[in-house]
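1. below are the sequence and a predicted model for it; my questions follow.
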Amino acid sequence: MSHPLTGAHSADESARLVRHYRYAAERMMRILGGWIALTPELSVKLLMGRHVWDNAQHADAFGNRLPELRAPAHVGEPANQAFVDFMDAIEEAAAPHQSVERLVGIYAVLKPHLLSAYREHLDRASLVYEPPTRRILIRCAEDERRHIVAGGIIIRHLAATTEVRARAATWRQRLETLLAAAGGVTGSGLPPLGPVAADPSVEPGDDAQTFIRLERSTGTWSIPRELERALKEFGDALVAGDHTALGRWLLPGSGPGDVLDSALPAARFGSHRTVAFARIAGHRIVKSRFDGAEGSMTLTSRWVPGEDGWRVAALDSSRLDPVPPA
């Protein structure tokens, strides 16, 4: 029986494992980099962009370690063809609508497996003869843990419907079957999946929630229910030509009365709709379109909340477009 300090790996065996890790890290880096331009969701782009760099560092660290193990530098190799097939399958999710499949392949299948493989190697590596390998594995394992936590948050953000969750589950099952057939990254079988979460008081380094907030900030603002009701009643009053009803929506001294007075006699409107909406601090900017037999008008109004609900503080523009002759 060997002494426990000798560890389980010879230099040649350690080099073999490091080559397999380098292949997986470099291939994953290239896949993520290629997907960024194909992915419509900002949160996913930011996540991938952050982790491309980390995985490049992993591949570089493994490559630099190889000459110290009497092996050619920066030469990665897969354990077998089945692992190549597994990586090829991950890369198949290249369509714009397959963002959840892309994330599942990397963050729910590949990275959890690599984390388990690194931990298993650490458990068996010599404390005396493999400190450099251990330091690399510790760093890579911690990065992968952070990546898995952040990726899981974005996956849950994307999988908001039963249909998307079903797609994600089907894709994951397919990839896990291929990974098992390959015997994992080392070709020697799948180590048990260990825990991912670390100390709950420590925030993950990749703020996935910030990525989601940034994505949402580029979209459309939702219209508050009370303001939606006010816009309808304001529009209905203008269509009806009801000056009294219109007046109750105007803040005293706001000045939009003259705009409405000039617009009302110009055309008879039969319908109205909101065509643009934005939020600026506590104010809401609304562009409304009014259509009638004699023409169409657009009004850009600024609404503010108050004790009496939403009111118009200003009408910044109005335009009457006559119906072109037949």
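-> Looks like it came in fine.
2. chain center to the longest helix belonging to the chain: distance?
-> In the chain, assigned by DSSP state H, the helix with the most residues is helix 131-158. Here the centre of helix 131-158 is set off from its chain's centre by 17 Å, with CA atoms, centre = their mean, to the nearest Å.
3. determine the set of other helices and strands touching that helix.
-> Counting contacts by 3 or more CB pairs under 8 Å, 6 or more residues apart in numbering; DSSP states H and E, helix 131-158 packs against helix 11-36, helix 42-65, helix 99-103, helix 111-124, helix 208-217. For glycine as for every other residue, the C-beta is placed from the backbone atoms N, C-alpha and C.
4. any idea which of the ones you listed is most buried?
-> For those, the largest average neighbour count (mean count of other CB atoms under 10 Å) is found in helix 99-103, namely a mean of 24.
5. for the record, mean pLDDT for that helix?
-> For helix 99-103, mean pLDDT rounds to 96.
6. who touches it?
-> 35, 39-41, 44, 47, 93, 151, 154-155, 158-159, 164, 167-168, 171 (CB atoms under 8 Å, 6 or more residues apart in numbering).
7. among the residues you listed, the buried ones, what's the ChimeraX command?
-> In ChimeraX, a selection of the buried entries from the contacts of helix 99-103 looks like this (16 or more other CB atoms under 10 Å):
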select :35,39,41,44,47,93,151,154,155,158,159,164,167,168,171
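8. ok, the contacts of helix 99-103 vs residue 27, which is closest?
-> If you rank the contacts of helix 99-103 by distance to residue 27 using CB to CB, residue 35 comes first, at 12.6 Å.
9. could you check the pLDDT of the closest one?
-> Reading off the confidence values, residue 35 has pLDDT 92.
10. repeat for residue 297
-> 76.
11. may I have the secondary structure class of it?
-> Per DSSP: H, G, I helix; E, B strand; the rest coil, the secondary structure class of residue 297 is strand.
12. doesn't residue 277 belong to a strand?
-> Yes - assignment of residue 277 by three-state DSSP places it within a strand.
13. doesn't residue 284 make contact with it?
-> Yes - with contacts counted by CB atoms under 8 Å, residue 277 reaches residue 284, the gap being 6.9 Å.
14. host element of residue 83?
-> Assessed by DSSP states H and E, residue 83 sits inside helix 81-91.
15. and residue 38, by the same measure?
-> Under DSSP H and E, no helix or strand contains residue 38.
16. surely it meets residue 97?
-> No - at 10.3 Å, residue 38 does not count as touching residue 97 under the criterion of CB under 8 Å.
17. out of these two, which sits in the more crowded spot?
-> Higher neighbour count among residue 38 and residue 97: residue 38, with 15 against 10, using other CB atoms under 10 Å.
18. quick one on the thing from earlier: and the least confident of the contacts of helix 99-103?
-> pLDDT across the contacts of helix 99-103 is lowest for residue 40, at 85.
19. give the contact list for it.
-> Residue 40 neighbours (CB under 8 Å, 6+ apart): 96, 99.
20. do you know how far it is from residue 303?
-> Remark: distance between residue 40 and residue 303 (CB to CB, to the nearest Å) = 31 Å.
21. helices along the stretch 201-326 of the chain, start to end?
-> Assigned by DSSP state H, counting those that start in this stretch, the stretch 201-326 of the chain shows helices spanning 208-217, 225-240, 243-247, 257-263.
22. show me what the shortest one is packed against.
-> Of the remaining helices and strands, those touching helix 243-247 by 3+ CB pairs under 8 Å, 6+ apart are helix 225-240, helix 257-263.
23. cool, the longest one as well?
-> Judged by 3+ CB pairs under 8 Å, 6+ apart, the packing partners of helix 225-240 are helix 243-247, strand 269-280, strand 283-292, strand 295-306, strand 309-322.
24. now these as CSV including mean neighbour count and distance to residue 81?
-> Formatted as CSV, those follow (neighbours: other CB atoms under 10 Å; distance: least, CB to CB, whole Å):
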stretch, mean neighbour count, distance to residue 81
helix 243-247, 13, 74
strand 269-280, 14, 54
strand 283-292, 18, 59
strand 295-306, 18, 63
strand 309-322, 16, 65
